[in-house]
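# sequence and computational prediction follow.
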Amino acid sequence: MIKNILLVGVGGQGTLLASKVLTHGLMQAGYDVKMSEIKGMSQRGGDVSAHIRFGDIVHSSVIEKGSGDLLISFEQMEAFRHIPYMKKNGVVILNNQVIHPVAVLAGKEKYSENLITEISNTLETKIIDATEEAKKLNNPKGANILLIGATIKILGLTDINWENSIKANVKPKFVEPNIRVFNRGMNLV
Amino acid sequence: MNKIENKILMTGDEALARGAYEAGVLFASAYPGTPSTEILENISKYKEVISEWAPNEKIAFEACAGASIGGVRAVCAVKHVGVNVASDPLFTFAYTGVTGGMVLISCDEPGMHSSQNEQDNRNYAHFSKVPLFEPSNSQECLDMIKIAFDISEKYDTPVIIRVTTRVCHSKSLVKIGERIDIEIKPYKKNINKYLPVPSVSRNLRKKIEERMKKLKNFSENTELNYIEKSKNDSKIGVIVSGMSFNFAKEVFLDNATYLKLGFTNPLPDSLLDEFYRQVETVYVIEENDPIMQSWVERAGYECIGKPTFLPYGEMTPDVIRSAVYGEKLKQVEINTDLLVSRPPAMCSGCPHRGFFFELSKMSRKKDTIIAGDIGCYTLGFAEPYGTMDYIVCMGSSFSAAHGTQKAMEAAGKDTKVIGIMGDSTFFHTGMNSLVEVLYNNGKVICVILDNRITGMTGQQGNPGSGININLDASPEIDIENVVRALGAKNVERVNPNDLKKVRNVLEDAYSKDEPYVIITDWPCALKPMGERDYEKYGQDLFKTKYFVEEEKCIGCKSCIRVGCPSIAMIKDGKIATIDNSCVGCSICEQVCPTKAIQISDFKGLNNITQKKPDFFS
């Protein structure tokens, strides 16, 4: 059995750190894990995605459209954009955040206000106000790890030692704040 | 679930770096370029290896060739187009062969995630007549580079390892080993090997044929080329290499017999015969050019390859599935009208913004053609600036602009032609490009956007930055001095965040009928800052923020038109606002007609994460 998880967001949101923590834990648990990350040309502001696949033996590191089990999105439009990757019974974990692309900032295109409805009408969707929740815990950049907390709860992977995986991927002074948001994420779903 | 012991998750780039380290490499050189950059960044963490950023790929290759001649193992890692730059030394070094093993890693980009073209650099191995490895996952990256060094020394040849973006940037489990210590081979002068004048080269040329014959034998027998029999006795055969192997397995699973090729120049003819005895319908799945397909067809076998599988793009599972079965997996439909794309944009505080903003105004008023180059500043082509007519390749903007300017002159036109490149590109091949303009009496406005770092690939040092690959202080080559030494007379250095000064310099440049060099001088907002930066650019560099005084804002959108991602319109588009990502470049303040944009009394923390150089932390 292979599980396909897609993590998507906007450059600077911490998508890649989240995927590192997640893959580290899965590997420690003994799964075969493959991960493929695609970042665009610019350093900031473009869309970023990480494909994570785990199971007994994983061949491709890329998730095929129509085969995603779980879509973790840090931003509404990015969730919507990646829906075609999902199975019909796939689940979306959505950070209720909006980051306007430049064309929207400039008033040239409109950012639909109904994206959440569009997403939740298509797939089972769990909406988490991760950015706000992380701010409440004094870790405004911790939305990414908070969503990972929610993810592993949904996947039923709470037995893995996730604190270890956080420790292995963030600087010592950020370990505690990240464990706090991680636990909060678990409790929110 | 079996516990996977002693393995770690690594990208292909990390595994190649680890493998080079374990192989006893002593010298490593590269010019950064996606998706190859992380190879040298990771090798540089091993202090036993001398790691360097070179000004360009040709120089990186040459330094490695020289290190090999000097008796040590050397690795050069560049992106696909970088091999074009490095091809000159490659072809002759393929004649002379090596002393210490030498491996060239070519990181290709089928699908063009972050490149201007896709090219199949397996052709370079065939063209230059050197052995070729194609790992398909991180473990193979680590294992194959170690074998590649042995092959390089045993067969006296440089070796190419070809990987693709998905190999470079995909993580898979790797078992790592220990570094072997390779003794440095004592230097011995040998002009019959290393001095390729025609009389020597004719002999070397013959030797290449003997070498390839021996390597053919290796290719037939190596475990890197193998047949994986179908568990379901399928008569379908798949010939495949590199990442496509994993993609093909995802589609065919156990319902095919695979000829998996890891060593692909020369290709194993007898193994191909053996494979065809076991299968009936054969697919050749390879990204880009039909190299293995041509080999199969030359051997007289039938196969399904191009054009069933497209000659461009990646051979991802969906692509293979539609080519073979004519269908894709069922997808969930969305209303695509609601999609808004998110193209890359210049960051908040990007020092290119001010220059392009002013140039866009000037170039719309006056007949102008603008040649761009490769870097973050390529984004100057996009809205709201639209200040780029064409791009050729790294370092081309001055020389190409020169040709365009001569053509305009021949057509009797007064068009101003401008070439724009960054500091790293200037050191890459831009210096020669400028020489072309100066030497041949050109009239191009040559703009060097000096942001003190190699930005697009993730803030690597370059000869002008004053930091090396380890972020240690290094000699700093001053661009203005170089430009003046080349003989440029009109040279202006300007702070690109000072719009009025940029405007004045541009006006002066447009008014002159001779070469004019503009150097903008302000650091990339993501650059690792050192004391020298704060001394030069001010202690509050990127530590200030601006805000909009709502009562004064008239909703004119002047600030929106500078194209900064920190600024948006709110309240039904009537009022502008600046979010927390502002780092205080002040450009919006300068364009606001009502002084509604003010510096805030916020100090200190901003939400940019900058790498800190060692001498700073």
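Received it, and whenever you're ready, just let me know what you need.
# residues in the stretch 501-617 of chain B within reach of chain A, list them.
B:Leu526, B:Lys557, B:Ile560, B:Arg561, B:Gly563, B:Pro565, B:Ile567, B:Ala568, B:Met569, B:Gly573, B:Asn607 (CB under 8 Å from any CB of the partner chain). C-beta coordinates here come from the backbone N, C-alpha and C atoms, glycine included.
# hey, what's whatever residue of the stretch 51-200 of chain B ends up closest to chain A bridged with?
Closest residue of the stretch 51-200 of chain B to chain A, CB to the nearest CB: B:Ser170 (3.7 Å). Applying DSSP bridges to B:Ser170 gives these bridge partners: A:Ser36.
# strand partners (parallel or antiparallel) of the helix or strand of chain B with the lowest mean pLDDT?
In chain B, the helix or strand scored least confidently by mean pLDDT, DSSP states H and E is strand B:567-570, which has a mean of 89. Sheet pairing of strand B:567-570 (DSSP bridges) gives strand B:575-578 (antiparallel).
# starting at the chain centroid, how far to the partner strand?
37 Å (CA atoms, centre = their mean, to the nearest Å).
# mind listing what's buried along it?
B:Ile575, B:Ala576, B:Ile578 (16 or more other CB atoms under 10 Å in any protein chain shown).
# kindly reformat the residues you listed as a markdown table and extend each row with pLDDT and distance to A:Lys87.
Listed next are the buried residues of strand B:575-578 as a markdown table, based on pLDDT from 0 to 100; distance: CB to CB, whole Å:
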| residue | pLDDT | distance to A:Lys87 |
| --- | --- | --- |
| B:Ile575 | 94 | 43 |
| B:Ala576 | 95 | 43 |
| B:Ile578 | 95 | 41 |
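# in a strand, B:Val517, correct?
Yes - counting by DSSP: H, G, I helix; E, B strand; the rest coil, B:Val517 is found in a strand.
# my guess is it contacts B:Leu449, does it?
No - with contact defined as CB atoms under 8 Å, B:Val517 does not count as touching B:Leu449 (12.0 Å).
# any idea how far the residue lying closest to B:Glu514 once chain neighbours are set aside is from chain A?
Nearest residue to B:Glu514 in three dimensions, chain neighbours excluded: B:Lys443, at 5.8 Å (CB to CB, 6 or more residues apart in numbering or on different chains). B:Lys443 sits 32 Å away from chain A, taking CB to the nearest CB, to the nearest Å as the criterion.
# check contacts around B:Lys443.
B:Gln405, B:Glu409, B:Val417, B:Asp513, B:Glu514, B:Pro515 (CB atoms under 8 Å, 6 or more residues apart in numbering or on different chains).
# just the buried subset of the residues you listed, please.
B:Gln405, B:Val417, B:Pro515.
# residues contacting the last one?
Neighbouring residues of B:Pro515 by CB under 8 Å, 6+ apart: B:Val437, B:Leu438, B:Gly442, B:Lys443, B:Val444, B:Ile445, B:Cys446, B:Ala488, B:Lys489, B:Asn490.
# what does the first one give?
Remark: with contacts taken as CB under 8 Å, 6+ apart, B:Gln405 is in contact with B:Thr415, B:Val417, B:Gly442, B:Lys443, B:Val444.
# distance of the nearest residue to it once chain neighbours are set aside from B:Asp367?
In this structure, B:Gln405 finds its nearest non-sequential neighbour in B:Val417, 3.9 Å apart by CB to CB, 6+ apart. Distance, B:Val417 to B:Asp367, by CB to CB, to the nearest Å: 10 Å.
# what sits against B:Gly372?
Taking CB under 8 Å, 6+ apart, one finds B:Thr378, B:Gly380, B:Phe381, B:Met388, B:Asp389, B:Tyr390, B:Ile391, B:Ser397, B:Ile420, B:Met421 in contact with B:Gly372.
# is chain A contacted by stretch B:303-311?
No - applying CB under 8 Å from any CB, one finds stretch B:303-311 out of contact with chain A, separated by at least 15.9 Å.
# residues touching A:Pro177, list them.
Counting by CB under 8 Å, 6+ apart, A:Pro177 has contacts A:Leu137, A:Asn138, A:Asn139, A:Gly142.
# what helix or strand is B:Val163 on?
strand B:159-164 (DSSP states H and E).
# which residues of chain A score low on pLDDT?
A:39-45 (pLDDT under 70).
# tell me the secondary structure of B:Asp156, please.
B:Asp156 - assigned by three-state DSSP - is coil.
# spatially nearest residue to it, not counting backbone neighbours?
B:Asp156 sits nearest to B:Gly97 (CB to CB, 6+ apart), 3.7 Å away.
# what separation do you get for the one you found and B:Val72?
For B:Gly97, the distance to B:Val72 - CB to CB - is 15 Å.
# what residues does the stretch 101-250 of chain B put near chain A?
Checking the stretch 101-250 of chain B against chain A by CB under 8 Å from any CB, the hits are B:113-114, B:166, B:169-173, B:243, B:246-247, B:249-250.
# out of those residues, flag the one nearest to A:Lys167.
Closest to A:Lys167 out of these is B:Lys171 (18.7 Å), distances taken as CB to CB.
# number of residues surrounding that closest one?
Neighbourhood size, B:Lys171 [other CB atoms under 10 Å in any protein chain shown]: 27.
# spit out the contact partners of it.
If you count contacts by CB under 8 Å, 6+ apart, then B:Lys171 has A:Thr23, A:Val33, A:Lys34, A:Met35, A:Ser36, A:Ser61, B:Leu9, B:Met10, B:Thr11, B:Ser138 around it.
# quick one: which of the residues you listed sit in helices?
A:Thr23, B:Ser138 (DSSP state H).
# highest neighbour count among the contacts of B:Lys171?
Neighbour max across those (other CB under 10 Å) = B:Ser138, 29 neighbours.
# is it true that it touches B:Glu14?
Yes - B:Ser138 is in contact with B:Glu14 according to CB under 8 Å; the separation is 7.2 Å.
# the helix or strand hosting B:Gly19 near chain A at all?
In the assignment (DSSP H and E), B:Gly19 maps to helix B:12-22. No - Helix B:12-22 stays clear of chain A (CB under 8 Å from any CB), getting no nearer than 9.7 Å.
# scan chain A for its longest helix.
Chain A, longest helix under DSSP H: helix A:172-187.
# list the buried residues in that one.
Result for helix A:172-187 [16+ other CB under 10 Å]: buried residues A:Phe174, A:Pro177, A:Asn178, A:Ile179, A:Arg180, A:Val181, A:Phe182, A:Asn183, A:Arg184, A:Gly185, A:Met186.
# and these, which is closest to chain B?
A:Phe174 (11.4 Å).
# follow-up on the earlier one: now the buried members of the residues of the stretch 501-617 of chain B next to chain A.
Buried among these (16+ other CB under 10 Å): B:Leu526, B:Ile560, B:Arg561, B:Gly563, B:Pro565, B:Ile567, B:Ala568, B:Met569.
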